[in-house]
Each structure stands twice: as structure tokens, then as C-alpha cells.
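J.: structure of the sequence below:
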Amino acid sequence: MSNQGQIIVLSGPPGAGKSTIAERVRAEMPELAYSVSLTTRDPRPGEVDGKDYHFVSQEEFQRRIAAGEMAEYEEIFGNLYGTSEKVIRQALAQGHDLFLDTDVNGAEQLKKRFPEGVFVFLLPPSPKILEERLRGRGTEEEDNLRQRLDRVRYEVGKAGNYTHLVVNDDLDKAVDEVKAIITAARRRTERHQQLLAEFLAL
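T.: Numbers count the residues shown, from 1 in each chain. Below you'll find the predicted structure:
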């Protein structure tokens, strides 16, 4: 087996179901390490610090950026989100595959640092269904909704940077597809050079 882990990054525009699928994948593949992102936004009802996000102040986040501690970060709707470089490096060095869900800009930064990683882009079945999902939340003012739809167009424009694409037209199927991509990535020949060397030494 390989001594080095790899990162698996899941991204998708608002309304694609990224959080739900990420939660399912983590529950069904508990051997995956998971990096809890940092954010400067306030917790939503039911969110737990250290489980859903590490909630930090703007000042603390900026300090970490200045100290070079962030592998990726992005400002979305006035709030900062990001991932600790140290957490990623430690997990990979210990041989763990690390699962992250980030926005497209965060994924782009991660791909520059970890080009061997697996990058999965999640899409809803159609633009019409996406808009229905966003409106169905009932939490968005019209201006905010238009802002989110603009964000969708921006994020979908980055989909070509990803190694894989999954369409979330059926939740169970989408979860299974993401899991299959992770399993296939683990079977890459370059991840098993040590095992091959043992056979060649016979």
C-alpha cells in the first residue's frame, strides 16, 4: 500500500446538494480523514463549532493568512472560508486520504498544491431544478437569490478544472458515484509501488 494519502475534494454550486452528499460519504466511508474548514461567518442553528466549522473572528482568520497557515481560502458573500495547510499535510503524511468540500476557488488553490488529488464537481440535474431548490429553501430574499444564481454560473464555469463530474439527480446514486470515484482513485498503480516492489523482490 502507499504510505502517502491523497486529497479528495468535492465542490458544487449552491443548491447542488454538496453538504448532504459530503455528510453521507463521510458517514459511509468513515476511514476517510476529514478537514473541518474555518469560517468567519456566524453559526447557523444546529451547527457545532469544531464539527461543522471552526468559527473564528475576521482578525484570527487574517492572522492565519498572513502566517501562511491556509492551504486555501476564499471570501464568499462577505465571509471568509478556508482550510489549514498543516491539517492536510499531517493527514497525508500519515497515509490518510483526506476528504474536503470546498468552493471552486478553494479547489483551484488546492489543485496547485496537490495536483495528484481527486477533484469531484457536483451538478444538479438542470438549471430549472436548481432554481426550484434554492427557492424551496424559503430563506432567500430575491436579491440574495439572484446573487446565488450568479454564483452558480461562476462556479459551473470552473467545472472543467475537475477530474470528475457527478450529477445529483438521485441522492443515493450520486453518493454511490462519489464513493466509486474515491475507491477507483485508491487503486491507482502509483499508490501501490511498495506492494509491487515486494513482488519484484521474490
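J.: in this protein, which segments are predicted with low confidence?
T.: Counting by pLDDT under 70, the chain shows low-confidence ranges at 1-3, 137-140.
J.: where do the helices of it begin and end?
T.: Chain-ordered helices for the chain, with DSSP state H as the definition, fall at 18-28, 58-66, 85-93, 104-113, 127-136, 142-156, 171-186, 193-200.
J.: among those helices, show me which one is buried the most.
T.: Each of the helices of the chain was given a mean neighbour count from mean count of other C-beta atoms under 10 Å, and the largest, a mean of 19, is that of helix 104-113. In short, each C-beta sits where N, CA and C put it, glycine included.
J.: show me how far it is from its chain's centre.
T.: Helix 104-113 has its C-alpha centroid displaced from the chain centroid by 10 Å (C-alpha atoms, centre = their mean, to the nearest Å).
J.: ok so, going back, out of the helices of the chain, the one nearest D49 is which?
T.: Distances from D49 to each of these were compared by C-beta to C-beta, and the smallest falls on helix 58-66, at 12.9 Å.
J.: contacts for that closest one?
T.: Applying C-beta atoms under 8 Å, 6 or more residues apart in numbering, the set of residues contacting helix 58-66 from outside is 38, 40, 56, 70, 73, 80, 82, 84.
J.: and which of those is nearest E31?
T.: Within the contacts of helix 58-66, proximity to E31 (C-beta to C-beta) peaks at S84, which comes in at 20.8 Å.
J.: and that closest one, bridged to which residues?
T.: M70 (DSSP bridges).
J.: show me the contacts for it.
T.: Taking C-beta under 8 Å, 6+ apart as the definition of contact, the neighbours of S84 are 35, 38, 64, 69-71.
J.: what does E177 give?
T.: So E177 contacts V166 (C-beta under 8 Å, 6+ apart).
J.: cool, and the one 10 residues further on?
T.: Applying C-beta under 8 Å, 6+ apart to R187 gives no contacts.
J.: how near is the residue nearest in space to the middle of the chain to S19?
T.: Centroid-nearest residue in the chain: D101, 1.7 Å away (criterion: C-alpha atoms, centre = their mean). The span separating D101 from S19 equals 7 Å under the rule C-beta to C-beta, to the nearest Å.
J.: before we move on, what about G68?
T.: Here G68 is placed at a distance of 28 Å from S19 (C-beta to C-beta).
J.: picking up where we left off before, wait, which of the helices of the chain is closest to Q4?
T.: Nearest to Q4 among these is helix 85-93; the distance by C-beta to C-beta comes to 6.0 Å.
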